[in-house]
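Enquirer: Got a sequence here, can you build the structure:
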Amino acid sequence: MDLQLPTPSEFPAFPYNPPYEIQVELMRHLYTSIEQRKVTIVESPTGTGKTLSLLCASLTWLEDQKSRARKGKMREMVGGDDGPAAKDWVFAQTLERARREMEADEEEYEERLAQARKREEIMRRAAKARVTKRPKLDHDTPKNPSMNDEQEDDRFLPEADQASTAEGEIHISPALRALMEKVDKSSRSGSGSYLNMEEEVACTKIYYASRTHSQLSQVLPEMGKLKLRGSKVLVKSYHPPSEHAMPQKRRIDDELDDEGSLTSTSFTPTTRTVSLGSRKQLCINDELRAKTRDLDEACRELLGEKEGKRCQYLPPIGEEEKMLDFRDQVLASPKDIEDLAIAGRLAHTCPYFGSRRAIPQAELVTLPYNLLLQKSARTALGIDLKDQIVLIDEAHNLIPTLLSLSTARLPYTTLALSLQQVSVYVSRFRTRLSAINMLHLKRLVVFLDALKKYVEEWKEARAKEKDKSEVFTVAQLIERMGKKVAGINLLEIESYLKRSKVARKIAGYCDKQAEEDKNPTIKRQFKRGAIPPLHIVEDFLLSLTNTNDDGRLTFSLMSTPGHEANVEIKYQLLNPSPNFMEVVEEARCVVLAGGTMSPISDVIHQLFATLPSERITNFSCGHIIPEENLQTLVVSRGPTGGELEFKADKQGDPKVIAQLGQILLNFANIIPAGMIVFFTSYKFLNTAKAEWTKAGTLNKFSLKKQVFFEPEESTEVDKVLEGYATAIRTPIAGKKGGAILFAVIGAKLSEGLNFADDLARAVVIVGLPFANLGSPELRERLKYVKRLQEKRTKDKGQKDAAAELYENMCMNAVNQSIGRAIRHKGDWASLLLLDRRYGTPSIRNKLPKWIGSKLVISEGFGQTVKEMGTFYRNKRSSL
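Expert: Below you'll find the predicted structure:
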């Protein structure tokens with residue numbers, strides 16, 4: 001029996017017939033990569049149907065894999081290929097019986113999901129017919145007059161040291177443990193029902209990760225278009241329709257007849273899908289959301305409460321049927337994050353824990369980067385990546401995200417407050433703490449006190465120097481803190497803090513003392529859910545225990561106007577690879593996909609340097625647009641004939657800015673409709689804006705097109721984009737028409753937005769956005785890659801690794817901005833790169849592959865204007 005799945009030549013599940021050739025090539029590549037257990041990097045420009053192609057190929061493989069697994073299971077049931085010889089009819093009859101049994105199990109499961117869909121619809125219809133008042137919960141804990149202070153403070157003891165309470169009363173810590181076991185593990189309760197008999201077996205699944213929930217929200221509508229074999233993907237939505245809404249997803253009403261009974265089509269198998277999110281997206285406890293500073297911390301506090309005080313949306317401990325019913329509702333039809341929250345309200349069940357409960361039986365799991373990439377998050381969610389498929393979309397953000405997730409910050413104020421709280425706590429409970437608790441807490445006090453003293457010494461010495469930051473290794477810090485600290489096992493302390501939950505106990509006790517303090521200057525505002533300072537210390541300690549030599553500590557003296565300068569300690573890994581390799585080594589296949597992944601060699605070098613080259617593949621799509629729909633020009637000279645080079649030291653020069661204004665005015669005369677101009681930084685953009693205002697250049701822009709600037713506040717982005725789009729669609733009489741939008745590379749408008757058609761008939765990039773070499777973290781990272789290169793090779797002719805990384809970081813940002821223009825097959829635009837350095841081979845080779853041979857380096861400004869004029873005339877004549 002051949003267990004190898006052949007790569008299909010066509011994909012019937014793809015909704016558009018025929019698909020583009022590059023889409024078939026991409027799907028074939030992805031299918032082969034999954035089957036052969038590869039790590040692959042896929043570059044597929046926006047407009048090529050990347051998401052649809054990724055889903056179609058991976059879900060097609062999943063269907064084929066299920067069929068292969070069934071055949072393998074049937075063969076095992078009859079003894080396999082090497083089993084005892086038997087007559088053909090006996091063999092056939094045994095196989096047929098095995099097939100019927102498996103089909104019956106699958107039909108029973110699908111019918112259960114169909115019933116869950118019906119229950120959900122009944123609840124939704126009932127909810128429309130009534131107004132539900134949510135009961136208010138009083139989470140404040142009044143002091144019991146019959147309890148003395150010592151008994152009242154029992155709740156602040158570490159979990160292992162809590163005194164016993166009345167018989168039959170549930171302690172906080174056992175309740176928490178029982179709840180987590182009920183919610184997170186595959187336990188069963190009840191008898192005489194399928195809940196007790198069912199074996200929840202995890203299945204092969206696809207983990208589809210992206211950076212934001214808004215990007216993930218596009219996945220389910222795309223999946224709903226697929227025509228998978230024997231599957232009808234019922235993508236539903238509870239979002240209320242509006243006159244400005246996008247076309248609505250298929251609603252569940254389609255599954256019920258006029259009497260509310262399920263139609264026969266609702267028993268068709270669906271792709272079982274679950275969307276994972278944070279408590280911020282999924283918590284439906286409105287009172288808690290209104291009162292809390294940190295929702296995660298507040299939820300954890302409620303988990304530890306006794307009956308009557310716990311969250312109303314979690315079923316009582318020992319009564320799991322309600323949570324399992326909601327799990328079936330989650331799996332019955334695909335739901336995005338908003339759908340999950342609404343479904344949770346209808347079922348009066350927590351969608352955060354309900355979605356976690358659905359993971360084992362889901363076939364497609366969508367989740368944000370941090371839940372996939374952090375081992376602690378995977379463990380908390382019960383995610384096991386063994387032999388699973390991992391698809392990471394928008395993967396051009398992966399390396400910065402990995403570095404960011406490895407970062408831990410500890411401000412001096414938090415350090416000092418933690419030391420003060422631990423000292424007060426130890427003093428109050430010293431006679432009631434066990435010996436082992438006292439030992440760990442005293443070691444923690446020694447460590448915090450030594451770190452605080454060293455930070456104060458460093459601050460005093462550094463205040464006199466020009467450089468206000470310093471980078472060193474963990475070993476160097478421990479050595480500087482003294483011999484007492486060198487003998488402390490930080491891993492034991494960190495493990496103790498996590499195990500005992502003492503950080504929350506200490507913060508709770510200190511908050512209680514502050515609340516009861518009669519002095520109004522000492523009493524501080526109290527709000528449930530504030531992050532305990534010791535939790536921040538705990539994260540910092542975990543970083544210090546990292547056995548990886550690639551970690552660095554940065555001490556920085558931070559000053560703000562009107563406040564005393566303070567020290568911030570930051571830990572960061574210089575190498576993004578180790579944490580990600582845990583994912584790669586566990587998963588069957590890892591796919592990094594993005595519209596622009598160039599330069600791909602940089603991704604391989606930074607993430608997969610230790611992976612065998614035969615396991616790594618890559619695929620770069622050409623664009624679906626005709627070659628004549630894209631013009632790419634390197635503008636190396638201005639109107640005066642001088643070379644254009646917008647380096648940082650020239651960005652404040654009035655002459656340079658005046659010439660840039662003249663160039664853009666010329667462009668505005670030629671470019672129809674929308675024109676987006678990307679600057680390298682807000683500082684450069686604001687300097688140009690000020691100079692152009694003083695010189696009257698902005699008024700000249702306004703005579704040609706309406707002018708808009710990217711706001712520095714995120715809350716203003718939608719307003720600016722709406723105004724920009726309106727200006728293009730409804731031009732003002734007397735003006736040439738359209739609008740010009742000044743934006744910043746790497747900021748709010750440079751990725752994730754769709755400037756299709758007239759919204760961007762040209763994208764102009766001014767200069768190259770090289771990172772600030774004044775950053776101590778960047779300097780240390782460049783030194784690190786240089787040292788690695790020296791260890792790996794002695795080839796003196798090889799390009800400097802630090803320079804290569806520095807250049808790649810710049811071009812990754814440029815390539816994202818370039819991708820804003822061409823969004824579909826019929827789109828067309830001009831890409832104008834203003835800086836002579838774009839014409840150099842090292843920079844030119846790092847531009848997206850889909851630009852290909854279209855790049856033209858103009859010899860003079862006259863040639864630039866001529867090339868642009870010809871391009872836009874041809875476009876007008878072809879319309």
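Enquirer: What residues does E859 make contact with?
Expert: S636, R637 (CB atoms under 8 Å, 6 or more residues apart in numbering). Bear in mind the C-beta positions are built from the backbone N, C-alpha and C, glycine included.
Enquirer: for K498, same thing?
Expert: Applying CB under 8 Å, 6+ apart, we find K498 in contact with E538.
Enquirer: That one and A435, how far apart?
Expert: Note on K498: its distance to A435, by CB to CB, to the nearest Å, is 20 Å.
Enquirer: again, but for Q374
Expert: 34 Å.
Enquirer: Tell me which of the two has more neighbours.
Expert: Taking other CB atoms under 10 Å, Q374 and A435 do not tie; Q374 has more neighbours (15 against 7).
Enquirer: Model confidence score at that one, please.
Expert: With respect to pLDDT, Q374 scores 91.
Enquirer: For it, which non-adjacent residue is closest in space?
Expert: Leaving aside its chain neighbours, Q374 sits nearest to L405 (5.8 Å; criterion: CB to CB, 6 or more residues apart in numbering).
Enquirer: Specify the beta-bridge partners of S275.
Expert: Here S275 sits in beta bridges with T366, going by DSSP bridges.
Enquirer: and it, what is it in contact with?
Expert: By CB under 8 Å, 6+ apart, the contact set of S275 is L216, L220, K335, D336, I337, D339, L340, S355, V365, T366, L367.
Enquirer: and the fifth one, backbone torsions?
Expert: Taking degrees, to the nearest 10, you get phi -60, psi -40 for the backbone angles of I337.
Enquirer: and it, how many neighbours?
Expert: A total of 21 residues lie near I337 under the criterion other CB under 10 Å.
Enquirer: That one contacts S217, doesn't it?
Expert: Yes: counting by CB atoms under 8 Å, I337 does reach S217; the two are 7.2 Å apart.
Enquirer: So for I676, what's the pLDDT?
Expert: We note a pLDDT of 94 for I676 in this prediction.
Enquirer: Show me what the helix or strand it falls within packs onto, helices and strands only.
Expert: Here I676 is covered by strand 674-679, with elements defined by DSSP states H and E. Counting contacts by 3 or more CB pairs under 8 Å, 6 or more residues apart in numbering; DSSP states H and E, strand 674-679 is packed against helix 654-670, strand 739-744, strand 762-766.
Enquirer: quick one: the following helix or strand past it to strand 739-744, angle?
Expert: Following strand 674-679 in sequence order, the next helix or strand is helix 682-695 (DSSP H and E). Interaxial angle of helix 682-695 relative to strand 739-744 (axes from the mean of the first three to the mean of the last three CA atoms, to 10 degrees): 140 degrees.
Enquirer: pLDDT averaged over the helix or strand following helix 682-695, what's the number?
Expert: Counting by DSSP H and E, the next helix or strand C-terminal to helix 682-695 is helix 697-704. With pLDDT averaged residue by residue, helix 697-704 scores 91.
Enquirer: Stretch 550-566 now?
Expert: On average, the pLDDT along stretch 550-566 is 84.
Enquirer: Then stretch 297-312?
Expert: Computed over stretch 297-312, the average pLDDT equals 77.
Enquirer: Quote the end-to-end distance of that stretch.
Expert: 17 Å (CA to CA, to the nearest Å).
Enquirer: If we go by neighbour counts, what in that stretch is buried?
Expert: Under the neighbour-count criterion of 16 or more other CB atoms under 10 Å, stretch 297-312 has E297, A298, C299, E301, L302, L303, G304, E305, R310, C311, Q312 buried.
Enquirer: Narrow those to those in helices?
Expert: Secondary structure from DSSP state H places E297, A298, C299, E301, L302, L303 of those in helices.
Enquirer: so which of those comes closest to R844?
Expert: Nearest to R844 among these: E297, at 50.2 Å, using CB to CB.
Enquirer: K501 versus the closest one, what's the distance?
Expert: As judged by CB to CB, E297 and K501 stand 11 Å apart.
Enquirer: for Y724, same thing?
Expert: Distance of Y724 to K501, computed by CB to CB: 50 Å.
Enquirer: got it, and L398?
Expert: Using CB to CB, we find L398 at a distance of 33 Å from K501.
Enquirer: Between those two, which has more neighbouring residues?
Expert: Comparing L398 with K501 by other CB under 10 Å, the one with more neighbours is L398, at 23 against 18.
Enquirer: hang on, the more buried one packs against L592?
Expert: Yes: in this structure, L398 is within contact of L592 by CB under 8 Å, at 6.4 Å.
Enquirer: Can you show me the strands along the stretch 751-879 of the chain?
Expert: Using DSSP state E, counting those that start in this stretch, the strands of the stretch 751-879 of the chain run over residues 762-766, 829-834, 855-858.
Enquirer: Could you check the pLDDT of M147?
Expert: At M147, pLDDT is 52.
Enquirer: re the thing from before, turn the strands of the stretch 751-879 of the chain into a markdown table, including distance to P731.
Expert: Formatted as a markdown table, the strands of the stretch 751-879 of the chain follow (distance: least, CB to CB, whole Å):
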| stretch | distance to P731 |
| --- | --- |
| strand 762-766 | 17 |
| strand 829-834 | 19 |
| strand 855-858 | 29 |
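Enquirer: mind checking which of these is nearest E25?
Expert: Nearest to E25, of all the strands of the stretch 751-879 of the chain, is strand 855-858, at 23.5 Å by CB to CB.
Enquirer: What is that closest one packed up against?
Expert: With contacts taken as 3+ CB pairs under 8 Å, 6+ apart, strand 855-858 sits against strand 630-635, helix 861-878.
Enquirer: Adding distance to K570 and mean pLDDT, write those out as CSV.
Expert: Shown next, in CSV, are these (distance: least, CB to CB, whole Å; pLDDT from 0 to 100):
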stretch, distance to K570, mean pLDDT
strand 630-635, 38, 92
helix 861-878, 45, 91
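Enquirer: mind checking which of those is nearest Q659?
Expert: Using CB to CB, the helices and strands packed on strand 855-858 put helix 861-878 closest to Q659, at 10.0 Å.
Enquirer: what element comes up after the helix or strand of the chain with the lowest mean pLDDT heading to the C-terminus?
Expert: Every helix and strand of the chain was ranked by mean pLDDT, DSSP states H and E. The lowest is helix 194-197, at a mean of 34. Counting by DSSP H and E, the next helix or strand C-terminal to helix 194-197 is strand 206-210.
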